[in-house]
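> When you get a sec, could you give me coordinates for this:
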Amino acid sequence: QVRLQESGPGLVKPSQTLSLTCTVSGVPITTTDQCWSWIRQPPGKGPEWMGRICFDGITGYSPSLKSRTSISRDTSKNQFSLQMNSVTPEDTAVYYCATGPPGVVRYDYWGQGTQVTVSS
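Numbers count the residues shown, from 1 in each chain. Sure, this is the predicted structure:
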């Protein structure tokens with residue numbers, strides 16, 4: 001059974017860096033034709049795809065977030081991570097990790113989500 005679990009600080013100060021990790025179990029993150037995404041949902045708004053890293057290590061980002069977002073992976077731990085710098089209160093959201101095939105907007109498995117609040 002594939003499971004994803006987000007972890008990281010729930011509170012980040014403005015201008016600092018947000019760092020989250022997604023731990024995956026049940027399938028290697030190097031499995032062919034799987035991509036691993038970060039998606040967030042601010043309060044009162046719809047979900048926003050942030051970026052992804054695929055089985056081959058290639059990353060892709062939302063154009064609106066690309067300048068301050070980085071996604072990496074640790075294959076030895078079967079984890080992938082999100083870093084976003086220069087956060088503002090507008091980055092307050094529930095952050096999810098999810099997985100699906102490349103080339104389509106479809107996510108077969110999701111983490112439960114983790115609340116991140118940006119506040120001083």
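> and the residue nearest the centre of the chain, what is it in contact with?
Centroid-nearest residue in the chain: residue 38, 2.5 Å away (criterion: C-alpha atoms, centre = their mean). Applying C-beta atoms under 8 Å, 6 or more residues apart in numbering to residue 38 gives the contacts 20, 22, 49, 50, 51, 52, 71, 82, 95, 96, 97, 98. The C-beta positions use only the backbone N, C-alpha and C, and glycine is treated the same way.
> what's the following helix or strand after the helix or strand containing it?
Residue 38 belongs to strand 35-41 when elements are defined using DSSP states H and E. On the C-terminal side of strand 35-41, the closest following helix or strand by DSSP H and E is strand 48-54.
> for the helix or strand that comes right after that following strand, which positions count as buried?
Tracing the chain past strand 48-54, the next element assigned as helix or strand by DSSP H and E is strand 59-61. For strand 59-61, burial by neighbour count (16 or more other C-beta atoms under 10 Å) applies to 59, 61.
> helices or strands next to strand 59-61 in the packing?
Helices and strands touching strand 59-61, by 3 or more C-beta pairs under 8 Å, 6 or more residues apart in numbering; DSSP states H and E, are strand 48-54, strand 69-74.
> Deepest-packed of the ones you listed, please.
Highest mean neighbour count among the helices and strands packed on strand 59-61 (mean count of other C-beta atoms under 10 Å): strand 48-54, with a mean of 19.
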